[in-house]
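Peer 1: structure here, sequence nowhere to be found:
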């Protein structure tokens, strides 16, 4: 009887120590789920979801404070991926947060730009080059198309140009095969 | 030739159709009125135009420079005047335009200064740069810049050099005719490759359905001062694929996801070797190539064609016929349908195959896959095409990659044998380009995340730095005031604050004094009098303004 109790207690102590040690030593920094969610989000940093950037939205989803259908740039595909990751039912995009648009890049009309730097301060990914009273320009390769530079511009010289398909961006289409009618 | 040969799995025997075009000698195609020269003719970065509209150029002059390591220059194929630099139709299956330089030819064929390169005296790196600037790219179809392939890399040697004279694709005979007529030049190019790669073994693989080419190459090889083994390999499609040829000749398989150089083997097409010989021994950049014009034309033949020649002029030259249903660039197995006949011949154009209803009857309509696995039997990459098809069709690209989609060489054997006539290769191409596009998007998203996070960090840092600066400044001021006027007395915190306020007040006072207008100093007597008069008037007005309203009403 006593031996049995001793054995059980010692097993409990050993396991408890192991768990306690691993809780300290193997602690994961940050929320791994939020990081997985963040990896799915399109990183436009546009804030259409109602959060200041993709990371805060990912954190909110991970905590269950936000729904998965608030990201228009991610589109239905993004919602599907999030649903798959979180094991929930996919749902249509919430239209109060906007609708998906074709991928675009901002363009500054340099004739009109007065060099006020307001757009530079608004750009979440530092994709606008320029200085006070100097012409500004978009670094197209780094622009995410978030449209955050549009409202602060006092002279409305920024437009969104949809990305047109050219040779480097061309993709093979899903083959359309006409199936023969047998019946 | 007692070399032991190996067999690769699969393969098919489509009708060869070589005799249509290999019975006539190589002819030089006429110079067209204008050439359209795309700047993106090779894998890697497109070349950067160096010329402007209206500029006269000489034959062989560089008109677009290589941009980066994996790139190749583009040259004027003949002398003339640049008439346009803009987007034009290029030989691409999408039909999308690309940047092209249009050259109006003058027919004078005036060469720029050029001469042979002493390749043995040049350091290898310099020689490779020179070859890149001569526009050399693989002429077997992949157009990978040759200068990159001629770099043996960290190993400094590539023991086995294989020259690909397989030409297994039906209809095409440009490599065969090149070997039959210009074997010596090809082997001179091979000597340069051997020098750069420091190879010990040189093999030339030629399919055994080309006895004349084999004989010509053997005769040329006998004249060389180093050993080149000319090997007849069995004719089976796709025996001329680089990986298949390596397996046939050496018995080695290139591991999945690796390059042939990882197992010490480099493969070049015979056309590339010939172009290399022209570049090194004659100083001629890559401005022309052999093109087989065959199929539904009156005189199928191989032509030496200037890069940029519109395809329709070549077809007209070979005798166009009624009933053309389309044109393929390349052969029937791997060729790409051309969206337009105005597109130019580029470095990758080995064949222009004109189709007709008789030669290429329309494929019967596709039926559902019955999973007969005939495709798996013929797949030379030993894949499971029926599974890849299933995943690609369903958009399950992850599973397709697990089934080694990227080992598919798109040879078309599976589509060729499919009893349901499913265009299988189209599905693999679709899946591959979707995966590439997804990866590209992922990279862009990662870049955006990184930049956004760095911006947040920078803003935070700037805020902190500003706060610290301010704190340091107040601290310094406080210290100054507490130590300076403290004539021995212990200055308390309140005293310090008071002193600070006093100092600030004093500063403000001083500023106010400074700010008073200086225009009343040292005036002339006249001006002073005027001012006084004005002051008197002002006083009167002020007085009037202060009088009660009743006084105004009195006169009534």
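Peer 2: It's in. Keep in mind that this is a model prediction, so the values were computed, not measured. Residues are numbered from 1 along each chain as shown, chains lettered A, B, ... in the order given.

Peer 1: torsion angles phi and psi at the residue nearest in space to the middle of chain A?
Peer 2: In chain A, the residue lying closest to the centroid (CA atoms, centre = their mean) is residue A:41, at 2.6 Å. The phi and psi values for residue A:41, taken as degrees, to the nearest 10, are phi -60, psi 150.

Peer 1: before we move on, what about the one 3 residues further on?
Peer 2: Reported as degrees, to the nearest 10, the phi and psi values for residue A:44 are phi -80, psi -20.

Peer 1: just checking, it touches residue A:143?
Peer 2: No: Residue A:44 is beyond contact range of residue A:143, at 9.6 Å (criterion: CB atoms under 8 Å). Bear in mind the C-beta positions are built from the backbone N, C-alpha and C, glycine included.

Peer 1: check what pLDDT residue 104 gets.
Peer 2: This is for chain A. The model reports residue A:104 with a pLDDT of 91.

Peer 1: um, chain B though
Peer 2: 96.

Peer 1: if I look at it, how far off is chain A?
Peer 2: As for residue B:104, its distance to chain A is 25 Å (criterion: CB to the nearest CB, to the nearest Å).

Peer 1: wait, is that residue part of a strand?
Peer 2: Yes: under DSSP: H, G, I helix; E, B strand; the rest coil, residue B:104 sits within a strand.

Peer 1: identify the residues contacting it.
Peer 2: Contact analysis of residue B:104 by CB atoms under 8 Å, 6 or more residues apart in numbering or on different chains lists B:33-34, B:80-83.

Peer 1: again with residue B:149
Peer 2: B:138, B:266, B:268.

Peer 1: for those, give me TSV that also has distance to residue A:81 and secondary structure.
Peer 2: Formatted as TSV, these follow (distance: CB to CB, whole Å; DSSP: H, G, I helix; E, B strand; the rest coil):
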residue	distance to residue A:81	secondary structure
B:138	39	coil
B:266	42	strand
B:268	44	strand
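
Peer 1: among those residues, which one lies nearest to residue B:360?
Peer 2: Residue B:360 lies nearest to residue B:138 out of the contacts of residue B:149, by CB to CB, at 27.4 Å.

Peer 1: tally of neighbours for that closest one?
Peer 2: 25 (other CB atoms under 10 Å in any protein chain shown).

Peer 1: how far away is it from residue B:498?
Peer 2: Residue B:138 is 85 Å from residue B:498, where distance means CB to CB, to the nearest Å.

Peer 1: try residue B:12
Peer 2: From residue B:12 over to residue B:498 (counting by CB to CB), the distance is 100 Å.

Peer 1: the more surrounded of those two?
Peer 2: Ranked by neighbour count (other CB under 10 Å), residue B:12 and residue B:498 place residue B:12 first, with 18 against 13.

Peer 1: I'd guessed the more buried one sits against residue B:417; true?
Peer 2: Yes: with contact defined as CB under 8 Å, residue B:12 reaches residue B:417; the gap is 6.3 Å.

Peer 1: mutual contacts of the two, please.
Peer 2: Common neighbours of residue B:12 and residue B:417 (CB under 8 Å, 6+ apart) are residue B:378.

Peer 1: do you have the helices of the stretch 151-300 of chain B handy? List them.
Peer 2: Along the stretch 151-300 of chain B, the stretches classed as helices by DSSP state H, counting those that start in this stretch are B:174-181, B:183-197, B:211-222, B:242-250, B:270-282.

Peer 1: which residues does residue 156 contact?
Peer 2: I went with chain A, as the question did not name one. So residue A:156 contacts residue A:112 (CB under 8 Å, 6+ apart).

Peer 1: I was after chain B.
Peer 2: By CB under 8 Å, 6+ apart, the neighbours of residue B:156 are residue B:198.

Peer 1: mind checking how far it is from chain A?
Peer 2: For residue B:156, the distance to chain A - CB to the nearest CB - is 34 Å.

Peer 1: same check, this time on residue B:524
Peer 2: Counting by CB to the nearest CB, the gap from residue B:524 to chain A is 44 Å.

Peer 1: related to what we said a few turns ago, who's more crowded, residue A:44 and residue A:143?
Peer 2: It is residue A:44, of residue A:44 and residue A:143, that has more neighbours when counted by other CB under 10 Å, with 26 against 23.

Peer 1: how about residue 163: what's its closest non-neighbour residue?
Peer 2: Chain wasn't specified; assuming chain A. residue A:103 (5.0 Å; CB to CB, 6 or more residues apart in numbering or on different chains).

Peer 1: chain B, not that one
Peer 2: residue B:204 (4.3 Å).
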